[in-house]
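Student: I'd like to go over a predicted model; first the sequence, then the structure.
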Amino acid sequence: MPTKDEFISAINTGYTSKGDTLTLGSAILDGEPIPEAQVKIPLKTLNRHGLIAGATGTGKTKTIQVLSEQLSSFGIPVLMMDIKGDFSGIAEAGVEQPFVSERHQKIEIPFSPTAYPVELMTLSDQNGVRLRATVSEFGPVLFSRILGLNDVQSSVVSIIFKYCDDNQLALLDLKDIKKVLHYITDEGKSEIEENYGKISTATTGTILRKIIELEQQGGDIFFGELSFDISDLMRLDENGRGYVNIIRLNDIQDKPKLFSTFMLSLLAEIYQQMPEQGDAGQPELVIFIDEAHLIFNEASKALLDQIETIVKLIRSKGIGVYFVTQNPMDIPNGILAQLGLKIQHALRAFTANDRQAIKQTADNYPTSEFYKTDQVLTSLGIGEAFVTALSEKGVPTPLAATMMRAPQSRMDILTDDEIKSINDKSKLYKKYNEVIDRESAYELLNKKIAEAEQQAIDQKQKAEAAKQQQTQAKIDQKQAQQQSKKSDDQVGQVTKSVVKVLTSATFIRGAFSILNKIFKK
């Protein structure tokens with residue numbers, strides 16, 4: 001049976017680093033913490049991603065808080081997806097309560113109540129910095145995957161983006177792309193068919209229904225301007241500590257499509273904009289995704305492939321992504337294989353399925369001569385967890401049951417007044433909370449349709465005016481003809497009268513009588 005000294009030696013050998021480290025706590029042997037065997041994670045390996053798992057109430061959120069505090073102290077910004085709304089207390093200093101003092105005496109790690117710099121953010125109407133993105137920034141491929149479209153439908157989305165690019169129509173929010181869909185199947189149908197080919201109304205109808213589904217989950221709030229600049233996640237305070245950016249998501253638990261849309265957008269934007277870092281001394285940003293199963297449960301295979309690809313590649317940008325969930329089986333195998341740090345809190349076995357899940361979970365961890373992993377998994381206390389990570393050389397560290405240190409910040413939520421105070425002092429709140437609705441596809445197409453309708457009205461009016469002119473000309477011509485005929489008739493009648501007079505017997509006798517008198521004289 002291994003001795004205590006062998007245990008201490010194994011832990012210290014596995015968790016000793018040349019560079020800076022995060023201290024999680026002290027390793028446990030036979031139910032007791034061993035202060036000489038501290039579990040420390042190299043900063044250098046934190047961009048290798050990780051998993052924090054465990055049943056409800058076992059201490060996952062406090063573990064994230066401990067990690068975030070130390071990352072901030074090293075000048076590394078944090079982005080935390082706070083689904084349950086219980087992480088905001090990191091903005092205020094904690095209180096050294098008796099159970100905290102007792103724990104820290106056992107593990108021989110000092111405790112110093114500390115508050116950390118915090119930005120509160122939101123995807124909805126909650127108080128906080130508004131996070132938005134435009135439809136154009138997604139691009140046709142990513143937008144199609146978010147909607148779960150097939151190849152034919154995705155090709156139509158690509159045509160829409162191409163048409164908007166060709167005609168300088170900005171796709172900013174969902175009403176823009178909905179307007180384009182209506183336009184290409186109605187007023188602009190002939191224009192689209194002439195330049196891009198025929199598009200089925202059944203296909204555009206399906207795309208429209210998918211967009212409405214996303215809209216009903218809050219997509220109409222998320223899509224728009226001002227787009228969030230990911231460089232604003234990388235800020236340090238005046239003391240050189242990294243900001244802990246908390247995205248308040250407790251009102252979108254029933255909106256998994258919006259959550260996955262935002263996460264994929266964020267990861268893609270970070271990957272595109274961040275420069276290559278390689279294996280630097282520490283990460284540029286660490287992201288914690290709480291309730292990670294919300295991303296994967298309703299995601300299509302194409303969307304899962306996209307997330308897996310980004311997680312694989314984003315490491316070289318200096319970004320660490322940490323998935324937080326109750327059961328490691330919630331994470332797809334392709335992503336689970338990419339995770340270097342694993343912190344496993346207790347699991348509970350109430351059913352046969354639970355026991356099977358625990359066995360599968362135990363198989364995901366390195367074998368240990370000091371623990372029966374599947375048995376210890378169910379006996380870990382609150383604030384205790386199995387830990388394994390990657391050493392600076394990239395080698396997995398020994399599995400260590402660990403008594404975790406307590407957060408130095410408040411282990412509770414902020415009050416409404418404290419939230420207001422943080423927002424009032426925030427430069428980002430002032431920057432992003434003004435709603436901008438500049439001229440985009442929706443307005444430009446409405447204007448184009450209105451101009452076309454007005455042009456049609458003008459043409460109709462001109463045609464009617466020309467027709468009236470023609471009609472009036474015909475009337476005038478007819479009247480002129482009638483007047484001319486009347487004049488001719490009158491002249492004819494006078495002529496006839498004169499001729500009649502000149503040829504009458506009386507006129508002739510009178511004329512001869514006058515002539516006779518003249519000649520006799």
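Tutor: That came through, no problem.
Student: quick one: residue 169 and residue 177 touch, right?
Tutor: No - here residue 169 does not reach residue 177: they are 10.0 Å apart, not a contact under CB atoms under 8 Å. (Each C-beta comes from the backbone N, C-alpha and C, glycine too.)
Student: which stretches of the stretch 301-450 of the chain form strands?
Tutor: 319-325, 341-344, 384-388, 400-404 (DSSP state E, counting those that start in this stretch).
Student: helices or strands up against the shortest one?
Tutor: Okay, so that is strand 341-344. When contacts are defined as 3 or more CB pairs under 8 Å, 6 or more residues apart in numbering; DSSP states H and E, strand 341-344 packs onto strand 50-53, strand 384-388.
Student: list the strands paired with that strand, with their directions.
Tutor: Sheet partners assigned to strand 341-344 using DSSP bridges are listed as strand 50-53 (parallel), strand 384-388 (antiparallel).
Student: need the contact partners of that strand.
Tutor: Contacts of strand 341-344 with the rest of the structure, by CB atoms under 8 Å, 6 or more residues apart in numbering, involve 24, 41, 45-46, 48-54, 63, 322, 328, 361, 364-365, 377, 385-390.
Student: repeat that for the last one.
Tutor: Counting by CB under 8 Å, 6+ apart, the neighbours of strand 400-404 from elsewhere in the structure are 11, 14-15, 24-29, 33, 37, 39, 59, 62-63, 66, 103, 106-107, 371, 376, 380, 383-388.
Student: residue 412 is nearest to which of the strands paired with strand 341-344?
Tutor: strand 50-53 (19.8 Å; CB to CB).
Student: identify all contacting residues around that closest one.
Tutor: Against strand 50-53 from outside (CB under 8 Å, 6+ apart): 60, 63-64, 288, 320-328, 331, 336, 339-345, 361, 389.
Student: from the chain's centre, how far out does that strand sit?
Tutor: Centroid displacement of strand 50-53 relative to its chain, using CA atoms, centre = their mean, to the nearest Å, is 24 Å.
Student: let's see the next helix or strand after it as PDB, backbone CA atoms only.
Tutor: As assigned by DSSP states H and E, the chain's next helix or strand after strand 50-53 is helix 60-73. Extracted in PDB, the C-alpha atoms of helix 60-73 (Å, rounded to 0.1, in the frame of the first residue of the first chain):
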ATOM      1  CA  LYS A  60     -18.700  24.100  -9.300                       C
ATOM      2  CA  THR A  61     -19.500  27.800  -9.200                       C
ATOM      3  CA  LYS A  62     -17.100  28.400  -6.300                       C
ATOM      4  CA  THR A  63     -14.400  26.600  -8.200                       C
ATOM      5  CA  ILE A  64     -14.900  28.900 -11.200                       C
ATOM      6  CA  GLN A  65     -14.800  31.800  -8.700                       C
ATOM      7  CA  VAL A  66     -11.400  30.600  -7.300                       C
ATOM      8  CA  LEU A  67     -10.000  30.300 -10.800                       C
ATOM      9  CA  SER A  68     -11.300  33.600 -12.000                       C
ATOM     10  CA  GLU A  69      -9.900  35.500  -8.900                       C
ATOM     11  CA  GLN A  70      -6.400  34.200  -9.500                       C
ATOM     12  CA  LEU A  71      -6.600  34.700 -13.300                       C
ATOM     13  CA  SER A  72      -7.600  38.300 -12.700                       C
ATOM     14  CA  SER A  73      -4.700  38.800 -10.200                       C
END
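Student: buried stuff in helix 60-73?
Tutor: Within helix 60-73, the residues that count as buried by 16 or more other CB atoms under 10 Å are 60-73.
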